[in-house]
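# following is a predicted model, sequence given first.
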Amino acid sequence: MKIAYSDRHHLHDPQFFLVRGQPQRSAEQPERATRLLAALDRRRGDIHAPTDFGPGPRAAIHTPAYLDFLETAHGAWQALGNSSAEVLPNMHPLPGQPVTYPEGIVGRAGYHMADTACPIGAGTWAAATQAAHTAVQAAQWVMDGERASYALCRPPGHHAYADRAGGFCFLNNSAIAAEFLRARHGRVAILDVDVHHGNGTQGIFYHRRDVLTVSLHADPRAFYPFYVGYGHERGEGDGLGYNLNMPLPYGTGDADYLAALGTSLRQVTAFAPGALVVALGLDAFEGDPLKGLAITTPGFAQIGAEIARLGLPTLFVQEGGYLSAELGQNLVSTLDGFEGVV
């Protein structure tokens, strides 16, 4: 399996994170990718740096105003003077109220950042664009005939909307890859197995029928992203019936998770996509710092095997999965499980 990876992810090293009102260092640290890469090296992975695919793939998903904001926000923030090292919002537009797009950076930060879990530092834009190239590179390999590929993307992407960052995410790598794959395949499915709902991905494709979005995640009634990810959300307009959410009780383990996965994969099969994007969150692990589910390391192998049985060209895009001793082992378990199915 070919693997795409860029060491430029280190340029993004967020420091600010709030946990129950207490500031601490972000859980989305460069060490995540370092550990995943080390596990792939031990597995003797076929690792390559991505090609620069230019601005087109990200512009196919994200709005011009948002892309301009991400690229210029840090510089504009520093130009304010007496400002923090990272861009952080302190207010947001109110739902249902008239909104005028703000000119100043403080207002734009609130408009384009959903929460304080996505601080923008000096290297965030460079790292995020390289993560998007990484996803597109792996998608290109699948288009070129590879059975499967893996994109070690950091920062992750599935909480990013077309015009808004959130939850550690800036550019929606999985959505960008899916849209890129549509150049070859009329229909593409995205299967999100991160412990958190893929709210940004859902939002991007919610009115479309050419991309099926499926997300298995911890029940959002008491888990991020809280306001979205419920079972009744099925899409709207042309997209009605093309979005499936499988919220799972807190602490769900292997057996019940695999049963829900089976239901999800039957809908993927019914959609008959030409290719599959797996938004691979390893934070469903029972020992993950942000745990909400209780998948074991062997359970990840079973997840990989069930996905392989679909027989689809498959792209794995790294989403969550935070610092634990088993982080790299869980990645290898998933990929080995997939490759063990012929």
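Everything's here; your move. Numbering: from 1, shown residues only.

# what is the burial count for A218?
Close neighbours of A218, defined as other Cβ atoms under 10 Å, add up to 25. Quick note: C-beta positions are derived from backbone N, CA and C, even for glycine.

# look at it and report its pLDDT.
Looking at A218, its pLDDT stands at 98.

# number of nearby residues for the nearest residue to it once chain neighbours are set aside?
Closest residue to A218 apart from its sequence neighbours, by Cβ to Cβ, 6 or more residues apart in numbering: G292 at 3.1 Å. The number of residues packed near G292 is 22, by other Cβ under 10 Å.

# again, but for G340
Residues lying near G340 (other Cβ under 10 Å) number 11.

# state the distance from the residue lying closest to it once chain neighbours are set aside to P30.
Take G340 and drop its neighbours on the chain: the residue closest to it by Cβ to Cβ, 6+ apart is A305, 6.2 Å away. Distance of A305 to P30, given as Cβ to Cβ, to the nearest Å: 31 Å.

# that older thread, which parts of the strand or helix carrying the residue nearest to G340 are buried?
Using DSSP states H and E, A305 maps to helix 297-308. Neighbour-count burial for helix 297-308 flags T297, G299, F300, A301, Q302, I303, G304, A305, E306, I307, A308 (criterion: 16 or more other Cβ atoms under 10 Å).

# tell me the first helix or strand C-terminal of it.
strand 314-318.

# the following helix or strand past that following strand - contacts with which helices or strands?
Using DSSP H and E, the next helix or strand after strand 314-318 towards the C-terminus is helix 327-339. Using 3 or more Cβ pairs under 8 Å, 6 or more residues apart in numbering; DSSP states H and E as the contact test, the elements touching helix 327-339 are helix 30-42, strand 148-152, helix 297-308, strand 314-318.

# got a list of contacts for the third one?
With contact meaning Cβ atoms under 8 Å, 6 or more residues apart in numbering, helix 297-308 is reached by 148, 191, 193, 253-254, 257-258, 261-262, 265, 276, 278, 282, 285, 295, 314, 326, 329-331, 333-341.

# ok, back up a step: closest one of the buried residues of helix 297-308 to V136?
V136 lies nearest to I307 out of these, by Cβ to Cβ, at 20.7 Å.

# on that earlier part again, write the PyMOL selection for whichever of the contacts of helix 297-308 are buried.
Selecting only the buried entries of these in PyMOL, with 16+ other Cβ under 10 Å as the criterion:
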select buried, resi 148+191+193+254+257+258+261+265+276+278+282+285+295+314+326+329+330+331+333+334+335+337+338
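
# so what's P14 up against?
With Cβ under 8 Å, 6+ apart, P14 has these contacts: S26, E28, Q29, E86, C118, P119, G121, T124, F168.

# can you say which of those are buried?
Neighbour-count burial (16+ other Cβ under 10 Å) applied to the contacts of P14 gives S26, E28, Q29, E86, C118, P119, G121, T124, F168.

# show me where this protein has helices.
With helices called from DSSP state H, the chain shows them at 30-42, 56-59, 64-79, 105-112, 124-143, 173-181, 199-205, 254-271, 297-308, 327-339.

# need those helices in TSV with distance to K2 and mean pLDDT, can you?
Below are those laid out as TSV (distance: least, Cβ to Cβ, whole Å; pLDDT from 0 to 100):
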stretch	distance to K2	mean pLDDT
helix 30-42	11	97
helix 56-59	18	98
helix 64-79	28	98
helix 105-112	34	98
helix 124-143	5	98
helix 173-181	14	98
helix 199-205	23	98
helix 254-271	23	98
helix 297-308	16	98
helix 327-339	11	98
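
# switch these over to CSV; also include distance to E233.
Output for the helices of the chain, formatted as CSV (distance: least, Cβ to Cβ, whole Å):
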stretch, distance to E233
helix 30-42, 29
helix 56-59, 25
helix 64-79, 23
helix 105-112, 23
helix 124-143, 24
helix 173-181, 17
helix 199-205, 7
helix 254-271, 14
helix 297-308, 23
helix 327-339, 26
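
# most packed of those helices?
The highest average neighbour count among the helices of the chain, using mean count of other Cβ atoms under 10 Å, belongs to helix 173-181 at a mean of 30.

# any idea of the angle it forms with strand 314-318?
Note on geometry: by axes from the mean of the first three to the mean of the last three Cα atoms, to 10 degrees, helix 173-181 and strand 314-318 are set 150 degrees apart in direction.

# partners of the longest strand seen in the chain, with directions?
Ranked by residue count and defined by DSSP state E, the top strand of the chain is strand 211-218. Using DSSP bridges, the strands paired with strand 211-218 are strand 188-192 (parallel), strand 243-248 (parallel).

# need the winner for burial among the ones you listed.
The highest mean neighbour count among those, using mean count of other Cβ under 10 Å, belongs to strand 188-192: a mean of 29.

# re earlier: and of the buried ones among the contacts of P14, the nearest to R154?
Checking the buried ones among the contacts of P14 one by one against R154 (Cβ to Cβ), the nearest turns out to be E28, at 7.8 Å.

# any idea how far the closest one lies from E319?
11 Å.

# overlap in contacts of these two?
Joint contacts of E28 and E319 (Cβ under 8 Å, 6+ apart) are P156.
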